[in-house]
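Enquirer: predicted model follows, preceded by the sequence.
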There are 2 protein chains.
Amino acid sequence: MDGHTTSSSTLDAVLARQEADFEAALARYDQLLRIQSISTDPAYKAECLKAAQSLADELTSLGFAARVAPSTGHPMVVAHHEGASADAPHVLFYGHYDVQPVDPLELWEADPFEPEIKTRADGSKYIRARGAADDKGQLRTFIEACRAWKEETGSLPCKVTIFFEGEEESGSPSLEAWLNEHGDEIKADFALVCDTNMWDRKTPAITASLRGMTAGEVTLKAASRDLHSGLYGGAARNPITLLTQILGQLHDETGRVTLPGFYDGVEDVPAPVLEQWKALNFSENRFLGDIGLSVPAGEQGRMVLEQIWTRPTAEINGIIGGYTGEGFKTVIPAQASAKISFRLVPGQDPEKVWKAFEAHVTSRLPADCEAVFLRRDTGAPALSVDVTNPALQACVEALRDEWETEPALMGCGGSIPIVGDFKRHLGMDTILAGFGLEDDNIHSPNEKYELESFRKGIRSWARILDRLAA
Amino acid sequence: MDGHTTSSSTLDAVLARQEADFEAALARYDQLLRIQSISTDPAYKAECLKAAQSLADELTSLGFAARVAPSTGHPMVVAHHEGASADAPHVLFYGHYDVQPVDPLELWEADPFEPEIKTRADGSKYIRARGAADDKGQLRTFIEACRAWKEETGSLPCKVTIFFEGEEESGSPSLEAWLNEHGDEIKADFALVCDTNMWDRKTPAITASLRGMTAGEVTLKAASRDLHSGLYGGAARNPITLLTQILGQLHDETGRVTLPGFYDGVEDVPAPVLEQWKALNFSENRFLGDIGLSVPAGEQGRMVLEQIWTRPTAEINGIIGGYTGEGFKTVIPAQASAKISFRLVPGQDPEKVWKAFEAHVTSRLPADCEAVFLRRDTGAPALSVDVTNPALQACVEALRDEWETEPALMGCGGSIPIVGDFKRHLGMDTILAGFGLEDDNIHSPNEKYELESFRKGIRSWARILDRLAA
């Protein structure tokens, strides 16, 4: 992606157009925030539809072929714009117009659906409302970038498909079926998702890897009924004890997972990437201190960022057995259970990991004991963006231009389901770039989005579209 | 206790008197069973008092100085008889006049308080009623033995104190305070307790050892709040994992408890006792098969009877941490807890064992983790009867005479609190002999007591009193 095809004067004009139009962009943002599109509560069904319709109408006005597409739940918004260049890549932009519920309402400084722009002592401003960041503010940065391009040049630099979902905050129950039926309609060369954070106020970020996961439960059974420990203790198998023995052997003393083959195919983070992470000046002390800890507890000899972004884990997420109420009961229970999940990184096969876990348990079962496994998912492999991918490089360069600093290539320890859905259903890679901050209070009272995130977010997308088309 | 002082013709006459009086003994038994002395339900308070009063009246009629002694709950019955010989030992007999509730009532063949004598095809008979065995039938065997002695000889062969409690089935809430205030009044040379079983239908038994216990809880705490395993997994300490690692090391691969010093002072069962246990023809297969197991799971190389009667244990009776509801939550919890109990044998100090457990946990705590311990008792040491004790030997001989077989010297893996109370408050040893059978359905619908248990139980006590006075 060497050689800019758009003259820098065109981009400058687009950016200037955006600046001139900023107050109007804020007004449009305000209008969307006033729509109470809480997806999880059926009482807000009409509001969800209203949000979808208003976005489709706006995209139509910007020259998109846009429609509100029904699903089994709240509708999708699908919009296409051919763009100015047939040679430029076709990009899909994803966002969601639904928001989290607002309770506890009493903790809000004002009505969550009456947006307000507040100014701090240092002159910085933010807009407070439910959805301000997650995801209405973020998705509007892209729409406003398209608007600036369209108004300045009459078109967009690339072919763009926009896909807005209305059920992200309630677990996307209709998404899978919709993608199965209509996925082809939104298939592009790659996807852009604006639902993530910057590294910090001054440093934009691209999330370049997501850990995968597989999870399930194991129940160990011994005697046919609960036993009195006075009568049977010493002769009867205690399945809680057995469970602690078996699960207590999941890690060695250096914090590594002991399952045979667990690390097969797992590669160390390339040295240049590690160097870049070191340069981020991530404070392990602050990260751990915020949760009352001081020492990284995982695999020894790894940076915390490595541990949480690119190393696989085995976690016991729940355990129960015997008497757990008030007081005491000298019972030897008939069974004990645990919920286990594995965070996975590239190179690991969820199926193989789960089978290795089952083998770890069954190979340690003594006489008279049985293990019953319940798989809780079909396993999501880890995802990573090829950092040499030209589209990703274009995004990096555009962000560097706008923010005048090197963007962080972050990992994400959790999973963002839509990324896996795009990969699985449409074979599409995703680039995650967003302008939220850690303190935006998403999902909490007094959610906000920085006006600087909104303004420079729009400018970032305008630059990215330019770079992608180059 | 060589040399019978009572001529065998006196004992024979006492036994003959008992046989002649058997129908009347059954009628008195029937009357007591009709009293609905359910201690746990306040609705039956008057019935409990009625049972106590009827027993005190009866004992008065037998020449005892008897009274209904108030407590903070249901009253005690206390009765003294000086006996014929000042040289004979002073024995305390303990029983309880209260019974378990009767629900589920619909599973009873008839009204639980309308006793009925039933005859089997083989001619054996039993009496069906709540309390038939536990403990009204058992305590009446001793009263009827006293009656036969009194009616035949005008006195009892020993000094006898009788102590009946009315809250055994509801946890004896008033006992401790009562013993503190009035314990001296019932102090004797040793106690006889009739609330246990025979080895089998043909073999009487004395319970010669009871395991002790100490129990408590441990809670491991790590982060200051529950964490998302995607964001923190790999860097943050998981207290469930830690708990499994620490508790999973409580036993070695041979089933022995690993706490340092745990077996200090614990002695192997003397070879003659082991030989006697082997001669009992205890079926390990049946014992384990009844609860769905086939292989003894405790310390290797020990008989099951040894494992459950005379070996100490460490059991996890409950464990809980993280998300334990339906479905899955990828949480790393802030804490995880377990309830632990240790069954103790002679030579072990409950205090020392609990401290060793605390040290086992705290010595394995990594940085940032805290263990909070909650002791659930003050620790009950194990109790064992000196098998060379002449009083015990007298009981063994009397039982052998009556049943024409060698009595079993059993251990009991659980604890019988009154035995510890007598030891702690009154410095008194207890001999446990009873005539119940495993299938008596105590605490269950259709409780029963064999007429043979009742008849030969009376005769056994008549012989024991004779032997003790010898």
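Expert: Here it is on my side, so go on.
Enquirer: for the residue of the stretch 351-470 of chain A found nearest chain B, which non-adjacent residue is spatially closest?
Expert: Of all residues in the stretch 351-470 of chain A, A:Gly414 sits closest to chain B, with a separation of 2.4 Å (Cβ to the nearest Cβ). (Glycine included, C-beta is placed from N, CA and C.) For A:Gly414, the nearest residue in space outside its immediate sequence neighbours is B:Gly230; the separation is 2.4 Å by Cβ to Cβ, 6 or more residues apart in numbering or on different chains.
Enquirer: tell me which residues in the helix or strand encompassing the one you found are buried?
Expert: Assigned by DSSP states H and E, B:Gly230 belongs to helix B:229-232. Neighbour counts using 16 or more other Cβ atoms under 10 Å in any protein chain shown place B:Ser229, B:Gly230, B:Leu231, B:Tyr232 of helix B:229-232 among the buried residues.
Enquirer: now swap in stretch A:87-102 and tell me
Expert: Of all the residues in stretch A:87-102, those buried under the rule 16+ other Cβ under 10 Å are A:88-102.
Enquirer: start and end of it, how far apart?
Expert: Taking Cα to Cα, to the nearest Å as the measure, stretch A:87-102 stretches 45 Å from start to finish.
Enquirer: report whether that stretch contacts chain B.
Expert: No - no part of stretch A:87-102 sits close enough to chain B to count as contact by Cβ under 8 Å from any Cβ of the partner chain; the gap is at least 15.7 Å.
Enquirer: model confidence over that stretch, on average?
Expert: Stretch A:87-102 shows an average pLDDT of 96 in the prediction.
Enquirer: contacts for the lowest-mean-pLDDT helix or strand in chain A next, please.
Expert: Of all the helices and strands that make up chain A, strand A:383-384 has the lowest average by mean pLDDT, DSSP states H and E, namely a mean of 84. Applying Cβ atoms under 8 Å, 6 or more residues apart in numbering or on different chains, the external contacts of strand A:383-384 come out as A:Ala208, A:Ser209, A:Leu210, A:Gly212, A:Pro346, A:Val419, A:Gly420, A:Lys423, A:Thr430.
Enquirer: burial count for the third one?
Expert: Right, the one you point to is A:Leu210. 29 (other Cβ atoms under 10 Å in any protein chain shown).
Enquirer: that one contacts A:Ala382, doesn't it?
Expert: Yes - under the criterion of Cβ atoms under 8 Å, A:Leu210 is in contact with A:Ala382, at a separation of 6.4 Å.
Enquirer: just say helix, strand or coil for A:Cys48.
Expert: Using DSSP: H, G, I helix; E, B strand; the rest coil, the three-state assignment for A:Cys48 comes out as helix.
Enquirer: neighbours around it, how many?
Expert: Residue crowding around A:Cys48 was assessed by other Cβ under 10 Å; the count is 24.
Enquirer: pLDDT value on it, please?
Expert: Model confidence at A:Cys48, given as pLDDT, is 98.
Enquirer: same check, this time on the one 3 residues further on
Expert: What the model reports as pLDDT for A:Ala51 is 98.
Enquirer: packing partners for the helix holding B:Gly230?
Expert: Helix B:229-232 is packed against strand A:313-322, strand A:335-344, strand B:331-332, with contacts defined by 3 or more Cβ pairs under 8 Å, 6 or more residues apart in numbering or on different chains; DSSP states H and E.
Enquirer: can you list contacts of it?
Expert: With Cβ under 8 Å, 6+ apart as the test, helix B:229-232 has contacts from A:211, A:213, A:291, A:308, A:313, A:315, A:317, A:341, A:343, A:412-415, B:223, B:330-332.
Enquirer: now swap in stretch A:321-331 and tell me
Expert: Contacts for stretch A:321-331 (Cβ under 8 Å, 6+ apart): A:226-230, A:233, A:239-240, A:243, A:332-333, A:335-337, B:213, B:215, B:217, B:315-320, B:337, B:339, B:341, B:376-377, B:414.
Enquirer: pull out the buried residues from that stretch.
Expert: Applying a neighbour-count criterion of 16+ other Cβ under 10 Å, the buried positions in stretch A:321-331 are A:Gly321, A:Gly322, A:Tyr323, A:Thr324, A:Phe328, A:Lys329, A:Thr330, A:Val331.
Enquirer: for the residues you listed, which one is nearest A:Thr388?
Expert: Sorting these by distance to A:Thr388 puts A:Gly321 at the head of the list, at 49.5 Å, by Cβ to Cβ.
Enquirer: where does the stretch 351-470 of chain A dip in pLDDT?
Expert: Low-confidence regions of the stretch 351-470 of chain A, defined here as pLDDT under 70, do not occur.
Enquirer: which positions in it make contact with chain B?
Expert: Within the stretch 351-470 of chain A, the positions lying close to chain B (Cβ under 8 Å from any Cβ) are A:Pro366, A:Ala367, A:Asp368, A:Arg376, A:Asp377, A:Cys412, A:Gly413, A:Gly414, A:Ser415.
Enquirer: report the central residue of chain A.
Expert: Residue closest to the average C-alpha location in chain A (Cα atoms, centre = their mean): A:Ile416, at 3.3 Å.
Enquirer: got the end-to-end distance for stretch A:257-267?
Expert: Across stretch A:257-267, the straight-line distance between its terminal residues is 15 Å, by Cα to Cα.
Enquirer: which residue ranges form the strands in the stretch 101-250 of chain A?
Expert: A:116-119, A:125-128, A:159-165, A:190-193, A:205-210, A:212-221, A:227-228 (DSSP state E, counting those that start in this stretch).
Enquirer: can I get these in a markdown table with mean pLDDT?
Expert: Converted to a markdown table, the strands of the stretch 101-250 of chain A look like this (pLDDT from 0 to 100):
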| stretch | mean pLDDT |
| --- | --- |
| strand A:116-119 | 98 |
| strand A:125-128 | 98 |
| strand A:159-165 | 98 |
| strand A:190-193 | 96 |
| strand A:205-210 | 90 |
| strand A:212-221 | 96 |
| strand A:227-228 | 89 |
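Enquirer: need the helices for the stretch 151-300 of chain A, in chain order.
Expert: Taking DSSP state H, counting those that start in this stretch as the criterion, the stretch 151-300 of chain A contains helices spanning A:175-182, A:229-232, A:239-247, A:271-279, A:284-289.
Enquirer: any idea which of those is most buried?
Expert: Across these, averaging neighbours per residue (mean count of other Cβ atoms under 10 Å in any protein chain shown) puts helix A:239-247 on top, at a mean of 26.
Enquirer: packing partners for it?
Expert: Of the remaining helices and strands, those touching helix A:239-247 by 3+ Cβ pairs under 8 Å, 6+ apart are strand A:212-221, strand A:313-322, strand A:335-344, helix B:239-247, strand B:313-322.
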